[in-house]
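*Asks:* Generate coordinates for the sequence data below:
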Amino acid sequence: MLTVVLVTVGVRCGGHDGPAVAARAGETASGGAHSGPPPGAGPDGRPAEKKASAAPAPPPRPLPRSPATTLRVPSLGIDAPIVPLRLGPGRHLGTPPLDRPSLVGWYAGGPTPGERGTAVVVGHRDTKTGPAVFAGLARVARGARIEARRADGRTAVYTVDRVRVFDKATFPDKEVYGPARRPELRVLTCGGLFRRATGYTSNVVVFAHLTATR
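*Replies:* Below is the predicted model of the structure:
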């Protein structure tokens, strides 16, 4: 469980309502009575049988522990190797090497892909040489897949629930890093405004949960 870590990644690091219904059930659009069977009836006028709704698929079982090796976000074209990260001075989580901006870091002290709990992944938005692996992370859509390959050959598939941008000065540690009963994933990078003296002002955080294993 990771509850007190302040992650500082990188060095620069309303839809509208649908169309209105033109006519009430049992009436034509011009207002006349419908000549067919009454609503809810079959062709012979008898009450129609209700179709059974499909039961939601059960959530996948959590996987046993196995280190992460590769992270894929197909909608963003991300397919990146993973390096393990640990806590440094002040219990801050480290970042992947600046000279290798295509790497993703997985917090080795937390859950591995598919394990129960809150797993944490970080990566750079950019470096002094240009864009990095998570340059487009803020654009990932709700419902998008995030796939984490494991050392045992299995893959944990997460589905994005939401994306938030939090100011680093008021970063909600418990909301982001708090324990979870199911396998969940947090993916972080820099966001907000860039200031030469202090870097980016915010963090982009992607919240996702496990929906499949293979």
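*Asks:* What's opposite Arg164 in the beta bridge?
*Replies:* Using DSSP bridges, the beta-bridge partners of Arg164 come out as Val205.
*Asks:* how about low-confidence regions in the chain?
*Replies:* Scanning the chain for pLDDT under 70 picks out 1-54.
*Asks:* And the residue nearest the centre of it?
*Replies:* Val160 (2.6 Å; CA atoms, centre = their mean).
*Asks:* now the helix or strand encompassing that residue, how far from the chain's geometric center?
*Replies:* Assigned by DSSP states H and E, Val160 falls within strand 155-167. What separates the centre of strand 155-167 from the centre of its chain is 2 Å, taken as CA atoms, centre = their mean, to the nearest Å.
*Asks:* for that strand, which positions count as buried?
*Replies:* By 16 or more other CB atoms under 10 Å, the buried positions in strand 155-167 come out as Thr155, Ala156, Val157, Tyr158, Val160, Val163, Phe166. For every residue, glycine as well, the C-beta is placed using N, CA and C.
*Asks:* pretty sure the residue nearest to the centre of the chain contacts Val140?
*Replies:* Yes: counting by CB atoms under 8 Å, Val140 is a contact partner of Val160 at 5.8 Å.
*Asks:* what do those two both touch?
*Replies:* Ile146, Val206 (CB atoms under 8 Å, 6 or more residues apart in numbering).
*Asks:* hang on, the earlier thing: can you tell me which of the buried residues of strand 155-167 lies closest to Arg214?
*Replies:* Thr155 (5.2 Å; CB to CB).
*Asks:* Sweet, I'm off.
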